[in-house]
Every structure is written in structure tokens, then in C-alpha cells.
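Asks: Got a predicted structure plus its sequence, pasted below:
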Amino acid sequence: MDKKKSTKDKIFSVAARHFADFGFEGTRMDRIAKEACVNKASIYYNIGNKEVLYAMVLNQSFKEGFGAFHEVIGTTLPAEKKLEAYIRHIAIVLEQNPVIPKILMREQLSQGRHLPDSFAKNIVQMLDGLTGILNQGNREGVFYVVDTVTIHFMILGTMLFQMTSSPIRRKKKAFLNKYQPEPGRLPPSVIDQICRYILRAVKKEK
């Protein structure tokens, strides 16, 4: 059982990297099988076709990281602290799962052509959680009434572009002496700035 689980985990790990690097259409099952040291037929038998594998990779990534959001939004913290915890949790998840930004950016560009409905539901759960925090802040009298999707994109979009643009800024000569990314995928100073900007956007002026 453990060996079977280990094999499946290895397949998922390789598949996630391939989907991130080559996109859904550019990913080939035979290459995943070769790198994971398994028979391609066994992937189809134990997991399913490429669509099923793609959905499982995305949903497992969500479950391992974003699935813990209920621990953040279910606390008794005031809304301001809860929103900051929410933002920092997203940063941790993306740091630990660097394939997610690439896959999400590809899906945005393709208008979600291959995005599984099951994963879209997970995104809605995230938005519902953020809405709950923003509504709490409004009830507490500290947040304006704001659009959840706009705030979501301000948080997630900034992080995704920070991560996916870093290789470009490191490689291209035009960025040699300026706008260089700091070490790390999402440096603490960047997360601190995002927290400040988001809180400044939603907080009522005293």
C-alpha cells in the first residue's frame, strides 16, 4: 500500500512539473511515465487519462495547501488580523508549490480551457472565505464594502506575477542593474508590502 502511494506521489510530482512547464496540451503521458519510472499503461489503469491526472494534480495541490484556509478564516481573530493571515497563507502555499503559479497563469491565458470544474469549485471556496473576512471587517466597522474578486486578484495576481516574472528579470540584460527580484520565490519584504497595500485598500480611514 505504501509502495503504491509512493508511486502515485511520484507520478503526481512529475506530472505537476510537466503541466507547469509544458501546459496541458504540451504534456505527454509517455514522458511522465518515463521520468516517474512507471509503465504508461499503469498510469491509465491506476489513475486515468491525462484529463483525470491533471484534475488530480490540481486538486491535490489545493488540498495540501489551500485546504487549510478554514483554519485561518475560522479563527476568532479580528478581520484585519485574519486578512493578513489569509494573505500570508497564500504566500506560503505558493512558495511550497511553485508549479501552481505557472499552471494558473496558463489557464488564465487559455480562458480556463482545461481547468477542471472541481478545481474551479475550490477557487470559489477561496473567494467565499475571503468574502467572509471582508464582510466581518465591514461589520466590525473597519473595512469598506469592497469587491471580493478585485481584492483576490490584487493578492494572488501580484504574487503570481512576482514569481513568474523573476526568471525574466534575472536573465534579461535590460534588468541587469535595476528591478532585479530579491532572493527567494516570494521574499518576506514583498509579502509585507502586499499585506500593507491590501489593508490600506480595504481599511476605513480613522
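Replies: Looks like it came in fine.

Asks: could you say what helices and strands the lowest-mean-pLDDT helix or strand in the chain packs with?
Replies: The least trusted helix or strand in the chain, going by mean pLDDT, DSSP states H and E, turns out to be helix 69-73, with a mean of 71. Other elements packing on helix 69-73 under the criterion 3 or more C-beta pairs under 8 Å, 6 or more residues apart in numbering; DSSP states H and E are helix 79-96, helix 117-139. Where you see a C-beta, it was placed from the backbone N, CA and C, and this is true even at glycine.

Asks: most neighbours per residue, which of those helices?
Replies: Counting by mean count of other C-beta atoms under 10 Å, helix 79-96 has the highest mean neighbour count of the helices and strands packed on helix 69-73, with a mean of 19.

Asks: Name the residues that touch it?
Replies: For helix 79-96, contacts defined as C-beta atoms under 8 Å, 6 or more residues apart in numbering pick out 65-66, 68-69, 72-73, 75, 77, 100-101, 129-130, 133-134, 136-137, 140, 142-143, 155-156, 159-160, 163, 184-186, 191, 194-195, 198-199, 202-203.

Asks: for it, the distance to its chain's centre please.
Replies: Centroid separation for helix 79-96 versus its chain: 12 Å, with C-alpha atoms, centre = their mean, to the nearest Å.

Asks: got the angle between that helix and helix 117-139?
Replies: Helix 79-96 runs at 150 degrees relative to helix 117-139, counting by axes from the mean of the first three to the mean of the last three C-alpha atoms, to 10 degrees.

Asks: Show me what counts as buried in stretch 100-111.
Replies: Within stretch 100-111, the residues that count as buried by 16 or more other C-beta atoms under 10 Å are 100, 101, 102, 103, 104, 105, 106, 107.

Asks: Alright, calling it a day.
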